[in-house]
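Enquirer: Show me how the following folds:
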Amino acid sequence: MRTFKEMNKEDGSKCLICGTQDTGEVVLIGLAGAKKDNIIEAKQAHLHCINLTYSPSRDLIYQVVLP
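Expert: Residues are numbered from 1 along each chain as shown. Next up, the predicted model:
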């Protein structure tokens, strides 16, 4: 997964998870169903906001979203 040093704020984008434009590394998260000609639309998310967990019994990676 490629990371970027900081968020691109030019279009007013905010973190997909926390909804802020705070500083910190970001990744692009592809939007399901938004792929055309091998290019997928994506949203930015702070790397520190992504809380991934792996379940070996289900062979599944998922995100825990806390209120």
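
Enquirer: what comes into contact with the longest strand seen in the chain?
Expert: Selection of the longest strand in the chain by residue count, based on DSSP state E, yields strand 26-36. Strand 26-36 is contacted by residues 1-4, 6-7, 15-16, 40-47, 50 when judged by CB atoms under 8 Å, 6 or more residues apart in numbering. Placement of C-beta: from N, CA and C, glycine included.

Enquirer: just the angle between the helix or strand following that strand and strand 26-36, please?
Expert: Scanning forward in sequence from strand 26-36 by DSSP states H and E, the next helix or strand is strand 39-46. Calculated by axes from the mean of the first three to the mean of the last three CA atoms, to 10 degrees, strand 39-46 forms an angle of 160 degrees with strand 26-36.

Enquirer: Let me see the mean pLDDT of the following helix or strand past strand 39-46.
Expert: The helix or strand immediately downstream of strand 39-46 is strand 52-55, counting by DSSP H and E. If you average the pLDDT over strand 52-55, you get 93.
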